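Visitor: coordinates only, sequence not included:
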Ligand SMILES: [Zn+2]
């Protein structure tokens, strides 16, 4: 028996419309032709506009000052991204944000590490004469000047 639970599906078109607003055409048109019914329709003194991105129909008042006589034709309309290309755009942006966060976090961690390494005091084991192991293995420092044998001459 198949599960009755509906799987939650993320609609990237709705995210695009939430972030950028609906992609409507013909909101500034004075008249509507019958050919424009796929995008704009008259509806009881209002106009129904179809969003090119999410397919929602929105009721808007007729424009008070129309800037064009008719809605743009199909050739004039630039369609927004939908479906898989829109999903890919958001996924690529999320990947870019994730990598930018990684770069910042790793850069801060590296700077902190360098800061701690530069300000910390040397270890007690590395200072001569501080431990019996160091004293046993310590050798005299190499001198570039004259040796004691040279000074006697
Ligand atoms: Zn929309």
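Guide: Arrived safely, thanks for sending. Note that this is a predicted model, so its numbers are computed, not measured. Residues are numbered from 1 along each chain as shown.
Visitor: near the ion, which residues of the protein?
Guide: Applying C-beta under 5 Å from the ion, we find that the chain lies next to the ion at 17, 22, 51, 53-54. Where you see a C-beta, it was placed from the backbone N, CA and C, and this is true even at glycine.
Visitor: quick check: the gap between the residue nearest in space to the middle of the chain and residue 116.
Guide: Here the mean C-alpha position of the chain is nearest to the C-alpha of residue 97 (C-alpha atoms, centre = their mean), at a distance of 3.3 Å. Look at residue 97 and residue 116: by C-beta to C-beta, to the nearest Å, they are 29 Å apart.
Visitor: about what we covered before: taking the residues of the chain next to the ion one by one, which sit in helices?
Guide: Among these, the members falling in helices (DSSP state H) are residue 17.
Visitor: for the residues of the chain next to the ion, give me CSV that also has pLDDT, neighbour count and distance to residue 29.
Guide: Converted to CSV, the residues of the chain next to the ion look like this (pLDDT from 0 to 100; neighbours: other C-beta atoms under 10 Å; distance: C-beta to C-beta, whole Å):
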residue, pLDDT, neighbour count, distance to residue 29
17, 95, 19, 21
22, 96, 18, 16
51, 96, 20, 16
53, 95, 21, 19
54, 94, 19, 21
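Visitor: which residues touch stretch 17-28?
Guide: 32, 36, 39-40, 47, 49-54, 56, 58, 60, 63, 66-68, 70-72, 77, 80 (C-beta atoms under 8 Å, 6 or more residues apart in numbering).
Visitor: about what we covered before: got the residues of the chain next to the ion as a markdown table, with distance to residue 8 columns?
Guide: Shown next, in a markdown table, are those (distance: C-beta to C-beta, whole Å):
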| residue | distance to residue 8 |
| --- | --- |
| 17 | 18 |
| 22 | 23 |
| 51 | 22 |
| 53 | 20 |
| 54 | 17 |
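Visitor: which residue ranges make up each domain of the chain?
Guide: Domains of the chain are assigned by automatic domain parsing as 12-80, 82-119.
Visitor: and the longest one, end to end?
Guide: In this case it means domain 12-80. By C-alpha to C-alpha, to the nearest Å, the extent of domain 12-80 from end to end equals 12 Å.
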